[in-house]
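> Sequence below, structure please.
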Amino acid sequence: MKLRLSKTLPVAAAQAAISVATAYRFERDPRLPSDKQTPRERRRPDPLADIFEAEVVPLLQAAPGIRPVAIFDELRRRHPALPGSVRRTLERRVRAWRAVHGQERDVIFRQVHEAGRMGLSDFTEMGDLAVTVAGAPLDHRLYHFRLVCSGFEHAHVILGGESYVALAEGLQNALWALGGAPREHRSDSLSAAFRNLNAEAREDLTSRYDALCAHYRMAPTRNNRGVAHENGSIESAHGHLKSAVHDALLMRGAVDFTDLAAYRRFIDEIVSHKNARNGPRIEAERALLQPLPPARTSDYEETFVYVTSSGGFTLRKVFYTVPSRLIGHRVRVRLYDDRLELLLGATLLMTLQRGRSGANGKHGHVVDYHHVIHALRRKPMALLSLVYRDQLFPRTAYRLMFDFLCQELPERAACKLMVALLSLAHDRSCEAQLAGLLAEDLEQRRLPDITALLGCFAPDPARLPEVCVQLAPLSSYDVLMEAALEVDA
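This is a model prediction of the structure:
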(Lines give C-alpha, C1' and ligand atoms only; values in the text may rest on other atoms or scores of the structure.)
Protein backbone atom coordinates (compact mmCIF):
# COMPACT_ATOMS: atom_id res chain seq x y z
CA MET A 1 0.00 0.00 0.00
CA LYS A 2 3.01 2.30 0.54
CA LEU A 3 4.18 1.60 -3.02
CA ARG A 4 0.70 2.40 -4.30
CA LEU A 5 1.00 5.97 -3.04
CA SER A 6 3.63 6.79 -5.69
CA LYS A 7 3.29 4.08 -8.32
CA THR A 8 0.65 2.56 -10.47
CA LEU A 9 -1.10 -0.58 -9.25
CA PRO A 10 0.66 -3.08 -11.62
CA VAL A 11 4.09 -1.65 -10.73
CA ALA A 12 3.34 -1.67 -6.97
CA ALA A 13 2.05 -5.28 -7.20
CA ALA A 14 5.18 -6.45 -9.03
CA GLN A 15 7.52 -4.82 -6.50
CA ALA A 16 5.51 -6.31 -3.60
CA ALA A 17 5.71 -9.81 -5.25
CA ILE A 18 1.93 -10.29 -5.42
CA SER A 19 -0.40 -10.69 -8.36
CA VAL A 20 -2.32 -7.82 -9.90
CA ALA A 21 -5.63 -9.47 -8.93
CA THR A 22 -4.55 -9.64 -5.29
CA ALA A 23 -3.49 -5.99 -5.45
CA TYR A 24 -6.94 -4.95 -6.76
CA ARG A 25 -8.60 -7.00 -3.96
CA PHE A 26 -6.48 -5.28 -1.26
CA GLU A 27 -7.27 -1.88 -2.76
CA ARG A 28 -10.98 -2.55 -2.57
CA ASP A 29 -10.85 -3.97 1.01
CA PRO A 30 -7.59 -3.52 2.99
CA ARG A 31 -8.67 -5.85 5.87
CA LEU A 32 -6.75 -9.07 6.54
CA PRO A 33 -8.48 -12.38 5.72
CA SER A 34 -8.72 -13.19 9.44
CA ASP A 35 -10.61 -9.94 10.03
CA LYS A 36 -13.15 -10.77 7.36
CA GLN A 37 -14.27 -14.04 9.01
CA THR A 38 -17.64 -13.92 10.71
CA PRO A 39 -17.99 -15.59 14.13
CA ARG A 40 -19.14 -19.20 13.91
CA GLU A 41 -22.67 -19.49 15.25
CA ARG A 42 -24.34 -22.52 16.77
CA ARG A 43 -25.75 -24.84 14.11
CA ARG A 44 -28.11 -26.75 16.38
CA PRO A 45 -29.81 -26.09 19.71
CA ASP A 46 -27.66 -26.60 22.80
CA PRO A 47 -28.77 -29.96 24.32
CA LEU A 48 -27.35 -28.98 27.74
CA ALA A 49 -28.78 -25.46 27.86
CA ASP A 50 -31.40 -26.30 30.49
CA ILE A 51 -29.39 -29.04 32.24
CA PHE A 52 -25.80 -27.95 32.81
CA GLU A 53 -26.30 -25.02 35.21
CA ALA A 54 -29.32 -26.57 36.93
CA GLU A 55 -28.09 -30.15 37.40
CA VAL A 56 -24.45 -30.63 36.38
CA VAL A 57 -22.91 -27.69 38.26
CA PRO A 58 -24.48 -28.72 41.61
CA LEU A 59 -23.03 -32.22 41.13
CA LEU A 60 -19.58 -30.80 40.41
CA GLN A 61 -19.75 -28.56 43.47
CA ALA A 62 -20.94 -31.35 45.76
CA ALA A 63 -18.48 -34.00 44.48
CA PRO A 64 -15.47 -32.29 42.89
CA GLY A 65 -13.77 -35.60 41.99
CA ILE A 66 -16.70 -37.14 40.12
CA ARG A 67 -15.99 -38.35 36.59
CA PRO A 68 -17.81 -36.85 33.62
CA VAL A 69 -18.92 -40.31 32.49
CA ALA A 70 -20.69 -40.81 35.82
CA ILE A 71 -22.44 -37.47 35.40
CA PHE A 72 -23.48 -38.47 31.88
CA ASP A 73 -24.94 -41.79 33.10
CA GLU A 74 -26.92 -39.93 35.76
CA LEU A 75 -28.24 -37.44 33.18
CA ARG A 76 -29.29 -40.27 30.87
CA ARG A 77 -31.16 -41.82 33.80
CA ARG A 78 -32.92 -38.55 34.54
CA HIS A 79 -33.49 -37.62 30.89
CA PRO A 80 -33.94 -40.75 28.77
CA ALA A 81 -34.35 -38.66 25.62
CA LEU A 82 -30.82 -37.25 25.94
CA PRO A 83 -28.81 -38.63 22.95
CA GLY A 84 -25.56 -40.54 23.49
CA SER A 85 -23.66 -38.15 21.21
CA VAL A 86 -23.85 -35.50 23.95
CA ARG A 87 -21.17 -37.24 26.05
CA ARG A 88 -18.18 -35.51 24.39
CA THR A 89 -19.98 -32.14 24.64
CA LEU A 90 -20.54 -32.74 28.35
CA GLU A 91 -16.90 -33.74 28.90
CA ARG A 92 -15.64 -30.55 27.20
CA ARG A 93 -18.11 -28.44 29.18
CA VAL A 94 -17.06 -30.05 32.50
CA ARG A 95 -13.38 -29.59 31.68
CA ALA A 96 -13.94 -25.91 30.87
CA TRP A 97 -15.97 -25.39 34.08
CA ARG A 98 -13.26 -26.98 36.23
CA ALA A 99 -10.59 -24.82 34.61
CA VAL A 100 -12.46 -21.74 35.89
CA HIS A 101 -14.25 -22.90 39.04
CA GLY A 102 -12.48 -26.17 39.96
CA GLN A 103 -10.25 -26.94 42.92
CA GLU A 104 -6.54 -26.24 43.05
CA ARG A 105 -4.44 -29.18 41.84
CA ASP A 106 -1.14 -30.58 43.03
CA VAL A 107 1.97 -29.19 41.36
CA ILE A 108 5.07 -31.25 40.57
CA PHE A 109 8.25 -29.28 41.15
CA ARG A 110 11.08 -30.21 38.80
CA GLN A 111 14.36 -30.67 40.64
CA VAL A 112 18.00 -29.98 39.85
CA HIS A 113 19.85 -33.22 40.63
CA GLU A 114 23.29 -32.89 42.20
CA ALA A 115 25.90 -35.47 41.25
CA GLY A 116 26.71 -37.94 44.01
CA ARG A 117 23.79 -36.88 46.18
CA MET A 118 20.87 -39.31 45.82
CA GLY A 119 20.28 -42.95 44.99
CA LEU A 120 16.82 -44.52 44.74
CA SER A 121 15.60 -48.05 45.50
CA ASP A 122 12.32 -49.73 44.65
CA PHE A 123 10.83 -53.10 43.71
CA THR A 124 8.89 -53.89 40.56
CA GLU A 125 6.71 -56.87 39.66
CA MET A 126 7.84 -59.10 36.77
CA GLY A 127 5.04 -61.67 36.70
CA ASP A 128 3.54 -60.38 33.44
CA LEU A 129 6.67 -61.51 31.52
CA ALA A 130 5.85 -65.21 32.21
CA VAL A 131 9.49 -66.19 32.76
CA THR A 132 10.08 -69.88 33.58
CA VAL A 133 13.08 -71.70 35.04
CA ALA A 134 13.46 -75.34 34.02
CA GLY A 135 9.85 -75.25 32.85
CA ALA A 136 8.42 -73.97 36.15
CA PRO A 137 6.95 -70.44 36.39
CA LEU A 138 9.25 -68.05 38.25
CA ASP A 139 7.37 -65.89 40.74
CA HIS A 140 9.78 -63.02 41.23
CA ARG A 141 10.37 -59.30 41.46
CA LEU A 142 13.27 -57.06 40.60
CA TYR A 143 15.04 -54.90 43.13
CA HIS A 144 15.95 -51.77 41.17
CA PHE A 145 18.57 -49.19 42.19
CA ARG A 146 19.29 -45.99 40.29
CA LEU A 147 21.44 -42.89 40.67
CA VAL A 148 19.28 -39.87 39.95
CA CYS A 149 21.93 -37.71 38.29
CA SER A 150 23.87 -40.06 35.99
CA GLY A 151 21.25 -42.78 35.55
CA PHE A 152 23.40 -45.69 36.80
CA GLU A 153 21.16 -48.74 37.31
CA HIS A 154 21.41 -52.07 39.06
CA ALA A 155 18.80 -54.85 39.18
CA HIS A 156 18.67 -57.95 41.34
CA VAL A 157 16.20 -60.84 41.01
CA ILE A 158 14.13 -61.25 44.19
CA LEU A 159 12.24 -64.51 44.74
CA GLY A 160 10.18 -63.47 47.75
CA GLY A 161 8.26 -60.34 48.53
CA GLU A 162 9.52 -56.90 49.45
CA SER A 163 11.54 -57.34 52.64
CA TYR A 164 14.47 -55.84 54.47
CA VAL A 165 16.65 -58.83 53.47
CA ALA A 166 15.90 -58.26 49.78
CA LEU A 167 16.53 -54.51 50.11
CA ALA A 168 19.79 -54.98 52.02
CA GLU A 169 21.17 -57.58 49.61
CA GLY A 170 20.16 -55.68 46.47
CA LEU A 171 21.33 -52.30 47.76
CA GLN A 172 24.74 -53.59 48.81
CA ASN A 173 25.21 -55.42 45.51
CA ALA A 174 24.43 -52.16 43.71
CA LEU A 175 26.81 -50.06 45.81
CA TRP A 176 29.72 -52.47 45.45
CA ALA A 177 29.11 -52.76 41.70
CA LEU A 178 29.08 -48.95 41.54
CA GLY A 179 32.21 -48.56 43.64
CA GLY A 180 30.84 -45.84 45.89
CA ALA A 181 27.84 -44.65 47.87
CA PRO A 182 25.66 -41.53 47.42
CA ARG A 183 25.10 -39.18 50.32
CA GLU A 184 21.38 -39.92 50.46
CA HIS A 185 19.29 -43.04 49.83
CA ARG A 186 15.58 -42.83 49.17
CA SER A 187 13.11 -45.71 49.19
CA ASP A 188 9.36 -46.00 49.37
CA SER A 189 7.53 -46.28 52.68
CA LEU A 190 8.50 -49.99 52.99
CA SER A 191 4.84 -50.75 53.71
CA ALA A 192 5.13 -54.19 52.12
CA ALA A 193 8.06 -55.10 54.35
CA PHE A 194 6.15 -53.91 57.45
CA ARG A 195 3.03 -55.89 56.59
CA ASN A 196 1.95 -58.45 59.21
CA LEU A 197 4.64 -57.29 61.67
CA ASN A 198 3.95 -56.28 65.23
CA ALA A 199 5.13 -52.99 66.67
CA GLU A 200 8.34 -54.44 68.11
CA ALA A 201 9.29 -56.12 64.82
CA ARG A 202 8.56 -52.91 62.90
CA GLU A 203 10.80 -50.91 65.21
CA ASP A 204 13.55 -53.51 64.82
CA LEU A 205 13.27 -53.41 61.02
CA THR A 206 13.43 -49.61 61.03
CA SER A 207 16.55 -49.60 63.21
CA ARG A 208 18.21 -52.20 60.98
CA TYR A 209 17.49 -50.14 57.87
CA ASP A 210 18.89 -47.03 59.55
CA ALA A 211 21.98 -49.00 60.58
CA LEU A 212 22.43 -50.22 57.00
CA CYS A 213 22.40 -46.66 55.66
CA ALA A 214 24.70 -45.49 58.46
CA HIS A 215 27.21 -48.22 57.54
CA TYR A 216 27.56 -46.60 54.11
CA ARG A 217 27.19 -43.04 55.50
CA MET A 218 23.97 -42.46 53.57
CA ALA A 219 21.11 -40.39 54.95
CA PRO A 220 17.93 -42.56 54.79
CA THR A 221 14.83 -40.85 53.38
CA ARG A 222 11.43 -42.12 52.29
CA ASN A 223 8.76 -40.75 50.03
CA ASN A 224 5.22 -40.36 51.28
CA ARG A 225 2.97 -43.38 50.95
CA GLY A 226 0.91 -43.37 47.76
CA VAL A 227 2.79 -40.43 46.21
CA ALA A 228 4.58 -42.13 43.33
CA HIS A 229 5.98 -39.00 41.68
CA GLU A 230 8.20 -38.38 44.72
CA ASN A 231 10.09 -41.48 43.58
CA GLY A 232 9.57 -40.64 39.93
CA SER A 233 13.22 -40.89 38.93
CA ILE A 234 13.00 -44.64 39.42
CA GLU A 235 9.28 -45.27 38.87
CA SER A 236 9.61 -44.23 35.22
CA ALA A 237 12.84 -46.26 34.94
CA HIS A 238 10.85 -49.36 35.99
CA GLY A 239 8.85 -49.19 32.79
CA HIS A 240 11.93 -48.73 30.61
CA LEU A 241 13.71 -51.65 32.28
CA LYS A 242 10.74 -53.99 31.96
CA SER A 243 10.33 -53.00 28.31
CA ALA A 244 14.02 -53.74 27.71
CA VAL A 245 13.66 -57.17 29.37
CA HIS A 246 10.53 -57.90 27.33
CA ASP A 247 12.27 -56.95 24.08
CA ALA A 248 15.32 -59.04 25.00
CA LEU A 249 13.08 -62.06 25.67
CA LEU A 250 11.45 -61.61 22.26
CA MET A 251 14.87 -61.40 20.63
CA ARG A 252 15.95 -64.49 22.56
CA GLY A 253 12.93 -66.38 21.30
CA ALA A 254 12.23 -68.16 24.61
CA VAL A 255 11.23 -67.27 28.15
CA ASP A 256 12.59 -70.46 29.73
CA PHE A 257 16.00 -70.57 31.44
CA THR A 258 17.98 -73.58 32.59
CA ASP A 259 18.42 -72.25 36.13
CA LEU A 260 18.07 -69.12 38.20
CA ALA A 261 21.72 -68.18 37.70
CA ALA A 262 21.20 -68.06 33.92
CA TYR A 263 18.23 -65.72 34.30
CA ARG A 264 20.20 -63.47 36.63
CA ARG A 265 23.03 -63.26 34.10
CA PHE A 266 20.44 -62.34 31.48
CA ILE A 267 19.17 -59.44 33.64
CA ASP A 268 22.73 -58.30 34.42
CA GLU A 269 23.57 -58.18 30.72
CA ILE A 270 20.55 -55.99 29.95
CA VAL A 271 21.37 -53.58 32.77
CA SER A 272 25.05 -53.40 31.75
CA HIS A 273 24.02 -52.39 28.22
CA LYS A 274 21.84 -49.60 29.65
CA ASN A 275 24.72 -48.39 31.84
CA ALA A 276 27.12 -48.44 28.89
CA ARG A 277 25.00 -45.80 27.13
CA ASN A 278 25.47 -43.51 30.14
CA GLY A 279 29.15 -44.39 30.64
CA PRO A 280 30.66 -40.88 30.63
CA ARG A 281 28.00 -39.50 32.98
CA ILE A 282 28.37 -42.44 35.36
CA GLU A 283 32.14 -42.07 35.47
CA ALA A 284 31.80 -38.36 36.18
CA GLU A 285 29.42 -39.01 39.09
CA ARG A 286 31.44 -41.96 40.41
CA ALA A 287 34.28 -39.57 41.24
CA LEU A 288 31.93 -37.63 43.56
CA LEU A 289 30.58 -40.64 45.49
CA GLN A 290 31.56 -41.49 49.03
CA PRO A 291 34.12 -44.29 49.43
CA LEU A 292 32.81 -47.70 50.45
CA PRO A 293 33.49 -49.13 53.91
CA PRO A 294 36.08 -51.91 54.28
CA ALA A 295 33.43 -54.66 54.22
CA ARG A 296 29.74 -55.25 53.66
CA THR A 297 27.30 -55.33 56.53
CA SER A 298 24.83 -58.13 57.16
CA ASP A 299 22.17 -58.62 54.52
CA TYR A 300 20.39 -61.48 56.23
CA GLU A 301 18.13 -62.22 59.16
CA GLU A 302 19.52 -64.51 61.84
CA THR A 303 17.52 -66.88 64.00
CA PHE A 304 17.90 -70.16 65.85
CA VAL A 305 15.93 -73.34 65.14
CA TYR A 306 15.69 -76.74 66.82
CA VAL A 307 16.10 -79.84 64.66
CA THR A 308 13.28 -82.20 65.61
CA SER A 309 13.01 -85.96 65.41
CA SER A 310 11.36 -85.52 61.99
CA GLY A 311 14.82 -84.86 60.62
CA GLY A 312 14.35 -81.15 60.02
CA PHE A 313 13.03 -77.85 61.28
CA THR A 314 10.22 -75.43 60.45
CA LEU A 315 10.95 -71.78 59.68
CA ARG A 316 8.50 -69.22 58.29
CA LYS A 317 5.90 -71.95 57.67
CA VAL A 318 8.35 -74.03 55.62
CA PHE A 319 9.76 -77.41 56.68
CA TYR A 320 13.41 -78.11 55.79
CA THR A 321 15.16 -81.47 56.03
CA VAL A 322 18.75 -81.71 57.27
CA PRO A 323 21.09 -84.64 57.95
CA SER A 324 19.71 -86.72 60.81
CA ARG A 325 22.90 -86.36 62.83
CA LEU A 326 21.71 -82.82 63.64
CA ILE A 327 18.56 -84.06 65.42
CA GLY A 328 18.40 -82.52 68.87
CA HIS A 329 20.80 -79.68 68.01
CA ARG A 330 20.00 -75.97 68.12
CA VAL A 331 21.20 -74.57 64.80
CA ARG A 332 21.76 -70.95 63.82
CA VAL A 333 20.15 -69.98 60.53
CA ARG A 334 21.03 -67.00 58.34
CA LEU A 335 17.99 -66.22 56.24
CA TYR A 336 18.66 -64.67 52.82
CA ASP A 337 16.18 -63.95 50.06
CA ASP A 338 16.97 -67.10 48.08
CA ARG A 339 18.87 -69.36 50.49
CA LEU A 340 19.46 -70.41 54.09
CA GLU A 341 22.87 -70.85 55.66
CA LEU A 342 23.03 -73.29 58.60
CA LEU A 343 25.73 -72.86 61.22
CA LEU A 344 26.58 -74.91 64.28
CA GLY A 345 28.42 -72.45 66.45
CA ALA A 346 30.71 -70.65 64.01
CA THR A 347 30.96 -73.60 61.61
CA LEU A 348 29.04 -73.36 58.34
CA LEU A 349 27.24 -76.68 57.88
CA MET A 350 25.38 -76.29 54.61
CA THR A 351 23.33 -74.00 52.39
CA LEU A 352 19.70 -74.78 51.63
CA GLN A 353 17.41 -73.34 49.00
CA ARG A 354 14.83 -71.10 50.62
CA GLY A 355 11.24 -72.25 50.36
CA ARG A 356 8.01 -70.28 50.40
CA SER A 357 4.69 -71.11 51.97
CA GLY A 358 1.63 -71.38 49.78
CA ALA A 359 -0.53 -68.40 48.90
CA ASN A 360 -3.41 -69.93 50.88
CA GLY A 361 -1.26 -70.23 54.01
CA LYS A 362 -0.40 -73.89 53.41
CA HIS A 363 3.00 -74.94 54.73
CA GLY A 364 5.79 -75.48 52.23
CA HIS A 365 8.50 -78.15 52.17
CA VAL A 366 12.14 -78.13 51.07
CA VAL A 367 13.18 -81.79 51.13
CA ASP A 368 16.39 -83.54 50.14
CA TYR A 369 15.95 -87.30 49.90
CA HIS A 370 19.66 -87.78 50.66
CA HIS A 371 18.91 -86.64 54.23
CA VAL A 372 16.28 -89.31 54.96
CA ILE A 373 17.00 -92.21 52.62
CA HIS A 374 18.89 -94.18 55.29
CA ALA A 375 15.81 -94.07 57.56
CA LEU A 376 13.42 -94.93 54.72
CA ARG A 377 15.39 -98.10 54.06
CA ARG A 378 14.40 -99.29 57.52
CA LYS A 379 10.81 -97.98 57.26
CA PRO A 380 9.80 -98.13 53.58
CA MET A 381 6.05 -98.08 54.37
CA ALA A 382 6.49 -94.55 55.75
CA LEU A 383 6.70 -93.37 52.14
CA LEU A 384 3.04 -94.18 51.49
CA SER A 385 1.51 -91.46 53.68
CA LEU A 386 4.51 -89.15 54.08
CA VAL A 387 3.48 -85.51 54.48
CA TYR A 388 6.15 -84.26 52.08
CA ARG A 389 6.12 -87.29 49.77
CA ASP A 390 5.72 -85.33 46.52
CA GLN A 391 8.60 -83.02 47.47
CA LEU A 392 10.79 -86.00 48.39
CA PHE A 393 11.15 -87.22 44.82
CA PRO A 394 14.10 -85.45 43.15
CA ARG A 395 12.63 -85.56 39.64
CA THR A 396 9.22 -85.93 38.02
CA ALA A 397 10.04 -89.40 36.70
CA TYR A 398 10.42 -90.74 40.25
CA ARG A 399 7.05 -89.37 41.32
CA LEU A 400 5.29 -90.76 38.25
CA MET A 401 6.98 -94.11 38.77
CA PHE A 402 5.73 -94.33 42.35
CA ASP A 403 2.16 -93.59 41.17
CA PHE A 404 2.56 -96.36 38.59
CA LEU A 405 3.93 -98.80 41.18
CA CYS A 406 0.98 -98.12 43.49
CA GLN A 407 -1.35 -99.05 40.64
CA GLU A 408 0.46 -102.24 39.66
CA LEU A 409 1.74 -103.63 42.98
CA PRO A 410 0.55 -103.99 46.55
CA GLU A 411 1.33 -101.03 48.78
CA ARG A 412 4.18 -102.72 50.66
CA ALA A 413 5.88 -103.96 47.49
CA ALA A 414 5.45 -100.57 45.79
CA CYS A 415 7.02 -98.73 48.72
CA LYS A 416 9.93 -101.18 49.01
CA LEU A 417 10.72 -100.96 45.30
CA MET A 418 10.49 -97.14 45.28
CA VAL A 419 12.79 -96.85 48.29
CA ALA A 420 15.21 -99.22 46.54
CA LEU A 421 15.22 -96.95 43.49
CA LEU A 422 15.89 -93.87 45.63
CA SER A 423 18.67 -95.76 47.44
CA LEU A 424 20.22 -96.65 44.11
CA ALA A 425 20.18 -93.01 43.02
CA HIS A 426 21.75 -92.02 46.35
CA ASP A 427 24.42 -94.71 46.59
CA ARG A 428 25.56 -94.75 42.96
CA SER A 429 25.15 -90.97 42.24
CA CYS A 430 23.04 -91.75 39.18
CA GLU A 431 19.93 -89.66 39.83
CA ALA A 432 19.66 -88.16 36.32
CA GLN A 433 20.58 -91.36 34.46
CA LEU A 434 18.16 -93.44 36.52
CA ALA A 435 15.39 -90.91 35.90
CA GLY A 436 15.89 -91.40 32.15
CA LEU A 437 15.57 -95.17 32.47
CA LEU A 438 12.47 -94.85 34.65
CA ALA A 439 10.90 -92.56 32.04
CA GLU A 440 11.46 -95.26 29.41
CA ASP A 441 9.84 -97.85 31.67
CA LEU A 442 6.85 -95.58 32.14
CA GLU A 443 6.45 -95.19 28.39
CA GLN A 444 6.47 -98.97 27.98
CA ARG A 445 4.20 -99.44 31.01
CA ARG A 446 6.62 -101.95 32.56
CA LEU A 447 7.91 -102.36 36.08
CA PRO A 448 11.54 -101.46 36.68
CA ASP A 449 13.97 -104.37 37.19
CA ILE A 450 15.98 -103.37 40.24
CA THR A 451 18.52 -106.16 39.68
CA ALA A 452 19.22 -105.04 36.13
CA LEU A 453 19.43 -101.42 37.24
CA LEU A 454 21.98 -102.28 39.91
CA GLY A 455 24.14 -103.80 37.20
CA CYS A 456 23.84 -100.77 34.93
CA PHE A 457 25.62 -98.36 37.22
CA ALA A 458 28.80 -98.17 39.25
CA PRO A 459 29.68 -101.16 41.44
CA ASP A 460 28.25 -101.41 44.92
CA PRO A 461 30.42 -99.32 47.26
CA ALA A 462 30.17 -102.13 49.84
CA ARG A 463 31.87 -104.56 47.43
CA LEU A 464 34.80 -102.32 46.53
CA PRO A 465 38.10 -103.78 47.73
CA GLU A 466 39.57 -102.17 50.78
CA VAL A 467 43.00 -100.79 50.04
CA CYS A 468 45.31 -100.57 53.03
CA VAL A 469 48.13 -98.09 52.77
CA GLN A 470 51.00 -98.52 55.19
CA LEU A 471 52.68 -95.26 56.04
CA ALA A 472 56.40 -95.25 56.61
CA PRO A 473 57.55 -94.09 60.05
CA LEU A 474 58.95 -90.57 60.22
CA SER A 475 62.27 -91.94 61.53
CA SER A 476 62.94 -93.29 58.05
CA TYR A 477 63.29 -89.74 56.77
CA ASP A 478 65.99 -89.12 59.38
CA VAL A 479 68.00 -92.01 57.95
CA LEU A 480 67.68 -90.57 54.46
CA MET A 481 68.83 -87.17 55.67
CA GLU A 482 71.90 -88.71 57.38
CA ALA A 483 72.80 -90.55 54.19
CA ALA A 484 72.51 -87.34 52.17
CA LEU A 485 74.80 -85.51 54.60
CA GLU A 486 77.46 -88.27 54.38
CA VAL A 487 77.47 -88.02 50.56
CA ASP A 488 77.92 -84.25 50.72
CA ALA A 489 80.81 -84.65 53.12
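> Going by C-alpha atoms from here, please, whenever you check contacts or count neighbours.
Will do.
> For the closest residue to residue 406 other than its chain neighbours, the count of nearby residues, please.
Spatial nearest neighbour of residue 406, excluding adjacent residues (C-alpha to C-alpha, 6 or more residues apart in numbering): residue 414 at 5.6 Å. Around residue 414 there are 23 other residues, counting by other C-alpha atoms under 10 Å.
> I'd assumed residue 420 was in contact with residue 414.
No. With contact defined as C-alpha atoms under 8 Å, residue 414 does not count as touching residue 420 (9.9 Å).
> and residue 439, what does it touch?
Contacts here follow C-alpha atoms under 8 Å, 6 or more residues apart in numbering; on that basis residue 439 touches 397, 401.
> cutoff 10 Å now
396, 397, 398, 400, 401, 445 (C-alpha atoms under 10 Å, 6 or more residues apart in numbering).
> Just the element for it, please.
helix 431-444 (DSSP states H and E).
> who does the following helix or strand past that helix touch, helix- and strand-wise?
Sequence order places helix 450-456 as the next helix or strand after helix 431-444, per DSSP H and E. Judged by 3 or more C-alpha pairs under 10 Å, 6 or more residues apart in numbering; DSSP states H and E, the packing partners of helix 450-456 are helix 411-428, helix 431-444.
> what about these, which gets the closest to residue 129?
helix 431-444 (30.0 Å; C-alpha to C-alpha).
> Average pLDDT for the closest one, rounded please.
Averaging pLDDT along helix 431-444 gives 92.
> residue nearest the centroid of this protein?
The centroid of the chain falls nearest to residue 141 when counting by C-alpha atoms, centre = their mean (1.4 Å).
> Please enumerate the shared neighbours of residue 414 and residue 420.
Joint contacts of residue 414 and residue 420 (C-alpha under 10 Å, 6+ apart) are residue 380.
> From residue 74, how far off is the residue nearest to residue 76 when sequence neighbours are not counted?
Leaving aside its chain neighbours, residue 76 sits nearest to residue 82 (6.0 Å; criterion: C-alpha to C-alpha, 6+ apart). When distance is defined by C-alpha to C-alpha, to the nearest Å, residue 82 is 11 Å away from residue 74.
> so where do the strands sit in the stretch 151-300 of the chain?
153-158, 184-187, 219-222, 256-257 (DSSP state E, counting those that start in this stretch).
> Give me the contacts around the last one.
Put plainly, it is strand 256-257. Here strand 256-257 has contacts from 130-138, 249, 262-264, 266, using C-alpha under 10 Å, 6+ apart.
> again, only this time at 7 Å
If you take C-alpha atoms under 7 Å, 6 or more residues apart in numbering as the criterion, strand 256-257 is touched by 131, 132, 133, 134, 135, 263.
> just the first one next, same as before
The contact list for strand 153-158 (C-alpha under 7 Å, 6+ apart) reads 140-147, 166, 170, 174, 264, 271, 275, 337.
> Out of these, grab the one that's most surrounded.
residue 145 (29 neighbours).
> how about that residue, phi and psi?
phi -120, psi 140 (degrees, to the nearest 10).
> If you drop the residues flanking it in sequence, what lies closest to it?
Per C-alpha to C-alpha, 6+ apart, closest to residue 145 is residue 121, 4.6 Å.
> Farthest pair within the contacts of strand 153-158?
The widest separation within those (C-alpha to C-alpha) is 25.4 Å, between 275 and 337.
> Need phi/psi at residue 151.
Dihedral angles for residue 151 - degrees, to the nearest 10 - are phi 90, psi 10.
> likewise residue 304?
As for residue 304, its main-chain torsions (degrees, to the nearest 10) stand at phi -120, psi 140.
> mind listing what it touches?
330, 331, 332, 333.
> roughly how far apart are it and residue 325?
17 Å.
> What of residue 145?
The value you get for residue 145 to residue 325, if C-alpha to C-alpha is used, is 43 Å.
> I'd like the distance from residue 100 to residue 178, if you could.
For residue 100, the distance to residue 178 equals 50 Å [C-alpha to C-alpha].
> I misspoke; the intended subject was residue 33.
Distance from residue 33 to residue 178, by C-alpha to C-alpha: 63 Å.
> More neighbours: the two, which one.
Using other C-alpha under 10 Å, the more surrounded residue of residue 33 and residue 178 is residue 178, with 18 against 8.
> Tell me who's in contact with that one.
Residue 178 neighbours (C-alpha under 7 Å, 6+ apart): none.
> repeat for the one 4 residues further on
Shown in contact with residue 182 (C-alpha under 7 Å, 6+ apart): 116, 117, 118, 119, 218, 289, 290.
> By neighbours, which of these wins?
Neighbour max across the contacts of residue 182 (other C-alpha under 10 Å) = residue 119, 25 neighbours.
> Please report phi then psi for that residue.
Dihedral angles (degrees, to the nearest 10) for residue 119: phi -120, psi 150.
> All further residue positions should be reported with the first residue as 56.
With 56 as the first residue, the last one maps to residue 174.
> in the stretch 106-255 of the chain, which ranges drop under the pLDDT threshold?
244-255 (pLDDT under 70).
> Stretch 58-65: which residues count as buried?
64, 65 (16 or more other C-alpha atoms under 10 Å).
> swap that for stretch 306-324, sorry
Quick answer for stretch 306-324 (16+ other C-alpha under 10 Å): 310, 311, 312, 318, 322, 323.
> With stretch 329-336 instead?
Across stretch 329-336, burial judged by 16+ other C-alpha under 10 Å covers 329, 330, 336.
> Kindly report the same for stretch 491-505.
For stretch 491-505, the buried set under the neighbour-count rule, 16+ other C-alpha under 10 Å, comprises 493, 494, 496, 497, 503.
> Stretch 77-95 too?
residue 78.
> got the contact list for that stretch?
residue 68.
> any idea how far that stretch is from the chain center?
66 Å (C-alpha atoms, centre = their mean, to the nearest Å).
> for stretch 459-479, same thing?
With C-alpha atoms, centre = their mean, you get 41 Å for stretch 459-479.
> Averaged pLDDT, it. What do you get?
93.
> Next: stretch 435-447.
Rounded mean pLDDT across stretch 435-447 is 91.
> residues of it that come out buried?
Neighbour counts over stretch 435-447 (16+ other C-alpha under 10 Å) mark 435, 436, 438, 445, 446, 447 as buried.
> Just the ones in helices from these, please.
The members of those that map onto helices under DSSP state H are 445, 446, 447.
> now the first one: how far from residue 343?
Residue 445 sits 55 Å away from residue 343, taking C-alpha to C-alpha as the criterion.
> Over to residue 514?
64 Å.
> Also residue 236?
Counting by C-alpha to C-alpha - residue 236 and residue 343 are separated by 9 Å.
> higher neighbour count, the two?
Neighbours per residue, other C-alpha under 10 Å: of residue 236 and residue 343, the larger number sits with residue 236, 27 against 16.
> Please list all residues in contact with the more buried one.
230, 271, 344, 345, 346, 347.
> how about a cut-off of 8 Å?
So residue 236 contacts 171, 230, 271, 272, 273, 344, 345, 346, 347 (C-alpha under 8 Å, 6+ apart).
> do the same with residue 274
238, 239, 240, 268.
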